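A.B. asks: starting from these lines, generate the structure:
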Amino acid sequence: MISLSQLKFGSLSSSLIKEMFLLHIRTMSTISINTHNQKQDKTQVNTGILLLNMGGPETTNDVYDFLNRLFSDKDLIPLPVQKKLAPWIARRRTPSIQEQYAKIGGGSPIKMWTEKT
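C.D. replies: Predicted coordinates for the structure are as follows:
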């Protein structure tokens, strides 16, 4: 068994590491609304599909800011000590994500495809 003090996390302090492992409870709620009339014939029911995206960096230079915003958003990714952890993760991930975007043209095609439709 490895203790927290044995782990190596670069510049992160041991108190920060301990906070990362504390249990954080978030309450999320969803509401389901049934608008289908029980008497309605099932052949008359329409199905809709809503597609959403979180955007993406337009250029490789935008990758760090995009990742930082992504990891800082508590509704998307709830992390303990998020203010300190989000920039740290973004800095570590930026170079490899920039390489991936460079392979597909230097940025996310999401905006182009969204505006095209």
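
A.B. asks: after the helix or strand of the chain with the lowest mean pLDDT, which helix or strand is next?
C.D. replies: Sorted by mean pLDDT, DSSP states H and E, the helices and strands of the chain end with helix 14-20, the least confident at a mean of 47. Once helix 14-20 ends, the next helix or strand along the chain (criterion: DSSP states H and E) is helix 63-72.

A.B. asks: mind listing what's buried in that following helix?
C.D. replies: Residues of helix 63-72 classed as buried by neighbour count (16 or more other Cβ atoms under 10 Å): V63, Y64, F66, L67, N68, L70, F71, S72. Placement of C-beta: from N, CA and C, glycine included.

A.B. asks: nearest to G48, out of these: which one, please.
C.D. replies: Out of the buried residues of helix 63-72, the one with the shortest distance to G48 is L70. That distance is 27.3 Å, counting by Cβ to Cβ.

A.B. asks: quick revisit: if we take the buried residues of helix 63-72, which one ends up nearest to R92?
C.D. replies: Nearest member of these to R92, counting by Cβ to Cβ, is L67, at 9.4 Å.

A.B. asks: who's in contact with that closest one?
C.D. replies: For L67, the contacting residues are I89, A90, R93, T94, I97, by Cβ atoms under 8 Å, 6 or more residues apart in numbering.

A.B. asks: can you report how many residues lie near the closest residue to E58 other than its chain neighbours?
C.D. replies: In space, and not counting its chain neighbours, E58 is closest to G107: 4.6 Å by Cβ to Cβ, 6 or more residues apart in numbering. Burial of G107 is recorded as 20 neighbouring residues (other Cβ atoms under 10 Å).

A.B. asks: let's verify G107: helix, strand, or coil?
C.D. replies: Secondary structure assignment for G107 (DSSP: H, G, I helix; E, B strand; the rest coil): coil.

A.B. asks: great, nothing more from me.
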